[in-house]
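In: Sequence first, then the predicted structure, then my questions.
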Amino acid sequence: MPGLLGKKIGMTSVFSADGKNVPCTVIEAGPCVVTQIKSVEKDGYAAVQVGFQDMKEKHTTKPLMGHFKKAGVTPKRHLAEFKDFSEELNLGDTITVELFNDANYVDVIGTSKGKGFQGVVKRHGFGGVGQTTHGQHNRARKPGSIGACSYPAKVFKGMRMGGQLGGDRVTVQNLQVLKVIAEHNLLLIKGSVPGCKGSIVIIEK
């Protein structure tokens, strides 16, 4: 699907047509520059690679520097590929937030907030005290028994246990577009956008 790279700015609220105060997330979407056109003949699939946010030449590797010079654009910090753009694009073309002028809903891909190593109550919603399960006795937030009997005499893969929570690539679908502010490259979206303030997200039509 066609889309853009953007940066999560923060949250605000806007008033809807019927006077309701609607909370929303502000995303700086683009402008993105076309850095490569991929074709079925050469690459095996058709796609458009875009770059977002300028980067200094001294911080760019030589292979990437050659890649950007071939496209005739300045070095970019973030790259992503999108398919099925309706219009024909060329190297160096700029795609702005106006891409979403006619979009009512978008999908947003980002990296969720990392919460470190967490126990089963926070990570999987186990009951804890008052809803003791899995053979608990007097341990408030512990997982309790995880095995079966002498058969199968092992712990099954995928058992819900404590571990790393967050920091994963997350796709949230069908988020409502409330407003497009083209002059400031801003997109106002209603719903849960993954990631923390300042994180990079991919917005797809």
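Out: Arrived safely, thanks for sending. Residues are numbered from 1 along each chain as shown.

In: and the gap between residue 49 and residue 68?
Out: 11 Å (C-beta to C-beta, to the nearest Å). C-betas here are computed from N, CA, C, even on glycine.

In: what touches both of those two?
Out: residue 35 (C-beta atoms under 8 Å, 6 or more residues apart in numbering).

In: Can you show me the strands along this structure?
Out: 3-15, 21-29, 32-38, 47-54, 76-82, 94-95, 105-111, 116-118, 163-165, 169-181, 186-190, 200-204 (DSSP state E).

In: Out of the ones you listed, which gets nearest to residue 139?
Out: Of all those, the one in closest proximity to residue 139, counting by C-beta to C-beta, is strand 116-118 (16.2 Å).

In: Give me the buried positions along stretch 87-98.
Out: By neighbour count on 16 or more other C-beta atoms under 10 Å, the buried set for stretch 87-98 is 89, 93, 95, 97.

In: Which pLDDT value belongs to the second one?
Out: At residue 93, the predicted lDDT confidence score is 89.

In: shouldn't it be in contact with residue 34?
Out: Yes: taking contacts as C-beta atoms under 8 Å, residue 93 lies within contact range of residue 34: 4.6 Å.

In: sorry, back to before: include distance to residue 157 when you put the strands of the chain into a markdown table, please.
Out: As requested, these are arranged in a markdown table below (distance: least, C-beta to C-beta, whole Å):
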| stretch | distance to residue 157 |
| --- | --- |
| strand 3-15 | 34 |
| strand 21-29 | 36 |
| strand 32-38 | 37 |
| strand 47-54 | 35 |
| strand 76-82 | 33 |
| strand 94-95 | 43 |
| strand 105-111 | 25 |
| strand 116-118 | 20 |
| strand 163-165 | 13 |
| strand 169-181 | 21 |
| strand 186-190 | 37 |
| strand 200-204 | 31 |
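
In: can you list the weak-confidence ranges in the protein?
Out: Under the criterion pLDDT under 70, the flagged ranges of the chain are 129-138.
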